[in-house]
Structure formats: structure tokens, C-alpha cells
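Enquirer: okay, sequence plus prediction incoming.
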Amino acid sequence: MKPDNYMSFSVVAGFFVGLAFSITKFDEPEFMVLWTIITTMGVYLIVAVCVALYFWFLDFESSKLKKSKLESNLEYYRLEFDKREKESTKIRNFIKSIESDDEEMAAQQNAN
């Protein structure tokens, strides 16, 4: 999940958690709104710190894709797929030729 999506999801979840707690705890609407805002901001700050720490400790060098290796692997798999596709086409044509030979033999036997 992208950090922006994670932050947005956490803020919305914090809002609803704060709203649920404020409804159960307070009777006055002013306190409900205030508690909901405070809880939402608290969750936002906690999640912002967590995302910042995640990026701080993340080693970006190990997470980069090695493009040349990936492309060579994809090219190898593409060639293997082409070989197998040609082989399956040959097998299908062989089966069709056998079936047509069987039909010709059956037609000759029926003619006799």
C-alpha cells in the first residue's frame, strides 16, 4: 500500500474511532466534535511518525529492481513460451492429420 493511501485510511479510521468514543463518552455535541477532532489529529500524528520511521529505516538500495536482470529473465521466458507454443501447434496439427486419416479410412471402408 502506498504511504498516502495508508495515511488516508488511518485518518478516516481515526475519525470513526474518535466519533465512536465521543458518542459513548459525552452528551454535549461540542465535546463530541472536539473529542473527534482531537482523536483524528492524534491518529494522524501517530501514523505520520510511523510512516516517517518506516522510510527512515527502509533501505532503498535493496528495494530497487534490477532492470537488466528482469528484462533478461522476461526475454528467456518469452522465448520458452514461443518454443512451447510452436510445439503444441505441431502436436495439434499431428492429431488433426491422424483424425483426418482415420476419417478417410472409415470412408473407404464404408464405400467397400
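Expert: Perfect, I can see it now.
Enquirer: shaky segments in this protein?
Expert: Filtered on pLDDT under 70, the chain yields the residue ranges 1, 59-63, 112.
Enquirer: any idea how it splits into domains?
Expert: The chain breaks down by automatic domain parsing into domains covering 1-60, 65-112.
Enquirer: assign Leu65 to helix, strand or coil.
Expert: coil (DSSP: H, G, I helix; E, B strand; the rest coil).
Enquirer: neighbours of it, how many?
Expert: Residue neighbour count, defined by other C-beta atoms under 10 Å, stands at 7 for Leu65. C-beta here means a position set from N, CA and C on the backbone, and glycine is covered the same way.
Enquirer: returning to what we had before: pick the most deeply packed of the domains of the chain.
Expert: domain 1-60 (a mean of 13; mean count of other C-beta atoms under 10 Å).
Enquirer: where along this protein do the helices fall?
Expert: 3-25, 29-57, 60-63, 67-111 (DSSP state H).
Enquirer: from Ser88, how far out is Phe81?
Expert: 10 Å (C-beta to C-beta, to the nearest Å).
Enquirer: ditto for Lys69
Expert: 29 Å.
Enquirer: please enumerate residues in contact with stretch 29-44?
Expert: 7, 10-11, 13-15, 17-19, 21-23, 25-26 (C-beta atoms under 8 Å, 6 or more residues apart in numbering).
Enquirer: in a markdown table, list these along with distance to Arg92.
Expert: As requested, those are arranged in a markdown table below (distance: C-beta to C-beta, whole Å):
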| residue | distance to Arg92 |
| --- | --- |
| Met7 | 53 |
| Ser10 | 54 |
| Val11 | 57 |
| Ala13 | 55 |
| Gly14 | 59 |
| Phe15 | 60 |
| Val17 | 60 |
| Gly18 | 64 |
| Leu19 | 63 |
| Phe21 | 66 |
| Ser22 | 68 |
| Ile23 | 67 |
| Lys25 | 72 |
| Phe26 | 74 |
